[in-house]
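> task: produce atomic coordinates for the following.
(one chain, ligands or ions: 1)
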Amino acid sequence: MSTRRDFLKTTAAATLLPSVIRAQAPARKIGYCIVGLGRISLNQFMPGIAGTQNSRIVAIVSGHRDKAEKTAALYGVSTSAIYDYGHYDDIAKNPDIDAVYIALPNGMHAEYTVRAARAGKHVLSEKPMANTVRECEQMVAACKQAQRKLMIAYRCRYQGTHLRAVQICHDGSIGDLRFIEATFGFNIAKGEWRLTKKLAGGGPLMDVGIYCLNACRYLTGEEPRSLSASSSVVSPDGRFTEVEENVFWNMRFPSGVVATCATSYGSNCGNFFKAVGTKGWVQMDPAYSYDGLRFKAHLAAGLDIDTPVDDASPKQFTREADHFSQCILENKDPRTPGEEGLRDMKLIEAIYKSATADKPVAV
Ligand code: NAD
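Here you go, the predicted structure:
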């Protein structure tokens, strides 16, 4: 089991990662098959891959041939490496494909991961890992059995300022950590697959609240031991017949740190975390966007920091792909493996359980 010390070690090492990668550019590039040409693939991940030195796009899976051909031309992918969903398993026959990047609705991540593993491919799956704990366990088992790597695309874990905030929470710069506030939400449009239970698994907690949950875990370096939650549907406009509109939850960590979090699909309720210690605090606001992040801190040494983060999109995705490719090339475990997504999913199920029962639960 990893300890807080292990976590800090990997975090400190991670801050050195990009320069290390650049100093030793590998001869071989990991070939990615992009599964799903939606917003995150087209606007972030694929441009992000283009910025790496160790990764390239070699295949595409899409239900829209025209869009796939245009995208293939843009990234130099052969039209013979475009697959529709009915021929997904044919990726097994393409030796150029080392890994798949799964950017489908949440409810499809498990099936497409298991099939990719059976086809002998490594898997980088978007967050949330899947709809349920059971699905996450199936993904971990399938990749283990096929001896393929599985990483969950928690891009903030590859973002330098998030890593700096983690360091500050642990090196005494703000004294001893006492509590964390974290919020992420937005006003969702009607007609999104994110509002259907089968495709999304749940509401804002699955989609954006997960950033707050994950942040509380990496900022503390601990796993919560109990939590209490409540959820609500308030908007009367018919968007929230299958999933919740708002979730509020508190988590207690073994050290005594308490975190309070909120997420919403009914309002632009915020996009931040603030970690408060006995002698100062550290904050990011916005914290979870692709760019335009802002870092603020009041440190025990009397120093006040308020600075924009120079990290334009799609750099977070470049680092994420760099890392996974490096893990494949050097046969190392990714920093955010399937087990990390599984841990969040166990907590998400506990949050829903607490909200439904309207009482605290031990985790
Ligand atoms: P999107 O709706 O823009 O794209 C979804 C893709 O899945 C499309 O190409 C669509 O054609 C395809 N698809 C296949 N079968 C489908 C079906 N039955 N219903 C709907 N679409 C289907 O979604 P997105 O915003 O790109 O999100 C995709 C995944 O990426 C989600 O799991 C989401 O949580 C995750 N995501 C991650 C980040 C991040 O910053 N890491 C940001 C946004 C989304």
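> quick one: contacts for the residue of the stretch 51-200 of the chain found nearest the ligand?
Nearest to the ligand in the stretch 51-200 of the chain, going by CB to the nearest ligand atom, is residue 126, at a distance of 3.5 Å. Placement of C-beta: from N, CA and C, glycine included. Going by CB atoms under 8 Å, 6 or more residues apart in numbering, residue 126 touches 40, 101-104, 106, 109, 152-153.
> let's go with 6 Å and repeat that
103, 153 (CB atoms under 6 Å, 6 or more residues apart in numbering).
> cool, and residue 247?
Applying CB under 6 Å, 6+ apart, the residues contacting residue 247 are 205, 209, 231, 263.
> and for residue 168?
Per CB under 6 Å, 6+ apart, neighbours of residue 168: residue 282.
> again, but for residue 274
181, 281, 283.
> ditto for residue 361
350, 353-354.
> spatially nearest residue to it, not counting backbone neighbours?
Closest residue in space to residue 361, ignoring its immediate chain neighbours: residue 354 at 4.6 Å, by CB to CB, 6 or more residues apart in numbering.
> doesn't residue 229 make contact with that neighbour?
Yes: contact between residue 354 and residue 229 holds when scored by CB atoms under 6 Å: they sit 4.2 Å apart.
> pLDDT value on the residue of the chain found nearest the ligand, please?
Closest approach between the chain and the ligand, counting by CB to the nearest ligand atom: residue 38, at 1.8 Å. In the predicted model, residue 38 carries a pLDDT score of 98.
> could I get the phi/psi values of it?
phi -100, psi -160 (degrees, to the nearest 10).
> buried residues of stretch 350-363, list them for me.
Buried residues in stretch 350-363, defined by neighbour count with 16 or more other CB atoms under 10 Å: 350-352, 354-355, 361, 363.
> can you check stretch 46-55 too?
For stretch 46-55, burial by neighbour count (16+ other CB under 10 Å) applies to 46-50, 52, 54-55.
> one step back: show the contacting residues for the residue of the chain closest to the ligand.
Residue 38 neighbours (CB under 6 Å, 6+ apart): residue 103.
> one step back: reformat the contacts of residue 247 as TSV; add neighbour count, secondary structure and pLDDT.
Formatted as TSV, the contacts of residue 247 follow (neighbours: other CB atoms under 10 Å; DSSP: H, G, I helix; E, B strand; the rest coil; pLDDT from 0 to 100):
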residue	neighbour count	secondary structure	pLDDT
205	30	helix	98
209	29	helix	98
231	22	strand	98
263	30	strand	98
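> out of those, who's near the ligand?
The subset of the contacts of residue 247 within reach of the ligand, by CB under 6 Å from any ligand atom, is empty.
> next, format the residues you listed as JSON lines and append distance to residue 116.
JSON lines is the format used below for the contacts of residue 247 (distance: CB to CB, whole Å):
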{"residue": "205", "distance to residue 116": "26"}
{"residue": "209", "distance to residue 116": "27"}
{"residue": "231", "distance to residue 116": "33"}
{"residue": "263", "distance to residue 116": "29"}
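> of these, just say which sits nearest to residue 328.
Proximity to residue 328 was ranked across these by CB to CB; first place goes to residue 209, at 30.3 Å.
> which non-adjacent residue is nearest the closest one?
residue 263 (3.1 Å).
> equivalent analysis for residue 293, please.
Leaving aside its sequence neighbours, residue 293 sits nearest to residue 309 (CB to CB, 6+ apart; 3.9 Å).
> re earlier: if you rank the contacts of residue 274 by neighbours, which is first?
residue 281 (21 neighbours; other CB atoms under 10 Å).
> that residue is in contact with residue 298, isn't it?
Yes: contact criterion CB under 6 Å: residue 281 and residue 298 qualify, at 5.4 Å.
> about what we covered before: the buried residues of stretch 46-55 in helices, which ones?
Counted as lying in helices by DSSP state H, out of the buried residues of stretch 46-55, are 46-50.
> take those and write them to TSV, including distance to the ligand.
Supplementary listing: those in TSV, determined by distance: CB to the nearest ligand atom, whole Å:
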residue	distance to the ligand
46	11
47	13
48	10
49	14
50	17
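> with distance to residue 121 and pLDDT added, can I get the residues you listed in a markdown table?
Listed next are those as a markdown table, based on distance: CB to CB, whole Å; pLDDT from 0 to 100:
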| residue | distance to residue 121 | pLDDT |
| --- | --- | --- |
| 46 | 18 | 98 |
| 47 | 22 | 98 |
| 48 | 19 | 98 |
| 49 | 16 | 98 |
| 50 | 21 | 95 |
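> mind listing the helices for this structure?
4-15, 17-23, 39-40, 46-50, 65-75, 109-118, 133-145, 160-170, 197-200, 204, 210-220, 315-330, 338-357.
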